[in-house]
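# Sequence and predicted structure are below.
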Amino acid sequence: MKFFEFVRKPQGWFGLILIGIFWPLNWCLPGTRTAYLFFPLWLGYILVMDALVLTRRGDSLLSRSPLQFVLLFVLSAPAWWLFEWINSRTHNWKYMGGNQFTGLEYFILSSVSFSTVMPSVFESAEFMRSLPVMQRLEKGPHVSARPWMRLSCLAVGAIMFWLTWRWPRTCYPFVWTSLVLILEGINGLLRRPCFLDYLHQGDWRPVVALALGALLCGFFWEMWNYYSFPKWVYDTPGVKDPCLFEMPLLGYLGYIPFAWELYGLRNLLWPWRQHLKL
């Protein structure tokens with residue numbers, strides 16, 4: 001029954017068509033095709049996930065507010081450029097084929113591609129949140145949300161970030177955890193949505209839904225990247241083999257705090273209305 005409901009959703013059909021067209025083109029065409037095909041391919045993924053969420057829950061990111069759905073794309077690009085700036089210090093990944101574009105072309109094409117990151121992760125997280133098993137996480141262990149806890153998160157995160165910047169080839173794993181703690185501390189002190197508010201009530205569903213959603217996205221990011229061009233490759237000291245596509249298996253763990261960071265950035269930069277249902 002759910003399948004027949006899904007196929008009646010227009011964004012689901014359109015998303016499947018985009019994936020069906022641009023996935024094979026992205027893998028088979030010669031030249032720098034991914035620079036132009038990345039966005040429509042991932043737009044297809046986003047629309048399919050939105051249709052799945054709408055089918056399971058009765059509403060979705062797109063159906064609740066088309067304007068805020070579009071604004072997520074706008075917010076996503078500068079959010080990912082933050083990680084590109086950090087990577088200019090850690091050098092954990094690089095793009096093969098990026099040198100075939102001028103600086104302006106590279107910035108524009110990259111920004112368009114980066115605009116899909118937040119919508120992809122948040123749609124996937126809302127899908128994971130819709131699964132019945134997630135209800136078991138509504139009443140879990142309670143975590144303190146007092147001001148001293150928020151200040152501790154901020155202080156520990158700042159120290160970890162400094163260590164990363166000081167010794168980037170050794171402390172690079174702190175990139176992901178440090179920003180989570182920094183954003184959690186800042187958002188909590190500014191009274192913006194944050195994880196500690198949920199965890200204080202014993203509700204672990206948003207934390208886990210984002211983690212699982214990011215892992216799902218990570219699988220498709222790495223799979224579709226494998227035969228792409230331009231493409232990214234990794235250089236992570238101490239974490240090489242075994243790999244699933246270009247990514248070392250241990251590297252997939254980095255997607256989990258990455259989703260939490262996106263959530264923190266979203267709430268820091270756009271706190272006026274809580275549009276996500278996690």
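Sure, I can see it. Numbers count the residues shown, from 1 in each chain.

# make it CA atoms for all contacts and neighbour counts henceforth
Will do.

# and after the helix or strand of the chain with the lowest mean pLDDT, which helix or strand comes next?
The helix or strand of the chain with the lowest confidence, counting by mean pLDDT, DSSP states H and E, is helix 2-7 at a mean of 64. Where DSSP states H and E defines the elements, the next helix or strand beyond helix 2-7 is helix 10-28.

# Can you pull the poorly scored residue ranges out of the protein?
1-4, 6-7, 271-274 (pLDDT under 70).

# With Gly20 as the reference, measure out to the residue most central in space within the chain.
To find the centre residue of the chain, average its C-alpha atoms and take the closest one (Cα atoms, centre = their mean): that gives Val121, at 4.1 Å. Taken as Cα to Cα, to the nearest Å, the spacing of Val121 relative to Gly20 amounts to 21 Å.

# Need the nearest residue in space to Met204, chain neighbours excluded.
One thing to correct before we go on: residue 204 is Trp, not Met. In space, and not counting its chain neighbours, Trp204 is closest to Leu137: 5.4 Å by Cα to Cα, 6 or more residues apart in numbering.

# Would you agree the one you found is in contact with Arg205?
Yes: counting by Cα atoms under 8 Å, Leu137 sits close enough to Arg205 to count as a contact (5.5 Å).

# So if I had to pick from those two, which one is more boxed in?
When Leu137 and Arg205 are compared on other Cα atoms under 10 Å, the one with more neighbours turns out to be Arg205, at 24 against 15.

# one step back: after the helix or strand hosting the residue nearest to the centre of the chain, next one along is what?
Using DSSP H and E, the secondary-structure element containing Val121 is helix 117-129. Heading C-terminal from helix 117-129, the first helix or strand you meet, by DSSP H and E, is helix 147-166.

# now whichever helix or strand comes after that following helix: how far from the chain's centre is it?
With elements assigned by DSSP H and E, the helix or strand that comes after helix 147-166 is helix 168-171. If you compare the mean C-alpha spot of helix 168-171 with that of the full chain, they lie 23 Å apart, counting by Cα atoms, centre = their mean, to the nearest Å.

# in stretch 154-170, what's buried?
The neighbour-count criterion (16 or more other Cα atoms under 10 Å) identifies 154-158, 160-165, 168-169 as the buried residues of stretch 154-170.

# What lies in contact with that stretch?
Contact with stretch 154-170 is made by 89-90, 171-175, 177-186, 237, as judged by Cα atoms under 8 Å, 6 or more residues apart in numbering.

# Also stretch 51-70?
Under the criterion Cα under 8 Å, 6+ apart, residues 2, 5-6, 9-12, 50, 119, 123, 126-127, 130, 275-276 lie in contact with stretch 51-70.

# And that stretch, end to end?
With Cα to Cα as the measure, the first residue of stretch 51-70 is 16 Å from its last.

# Centre of the chain to that stretch, how far?
Counting by Cα atoms, centre = their mean, stretch 51-70 is centred 17 Å from the centre of its parent chain.

# roughly how far apart are Trp93 and Ser144?
36 Å.

# contacts for stretch 80-89?
Contact with stretch 80-89 is made by Trp93, Ser111, Phe114, Val117, Trp165, Pro168, Val175, as judged by Cα under 8 Å, 6+ apart.

# which strands and helices sit next to the helix or strand hosting the second one?
With the criterion set as DSSP H and E, the secondary-structure element containing Ser111 is helix 103-114. Where contact means 3 or more Cα pairs under 8 Å, 6 or more residues apart in numbering; DSSP states H and E, helix 103-114 is packed against helix 34-57, helix 66-90.

# winner for burial among these?
Ranked by mean neighbour count under mean count of other Cα atoms under 10 Å, those are led by helix 34-57, which reaches a mean of 23.

# what's downstream of that helix, the next helix or strand?
Scanning forward in sequence from helix 34-57 by DSSP H and E, the next helix or strand is helix 61-64.
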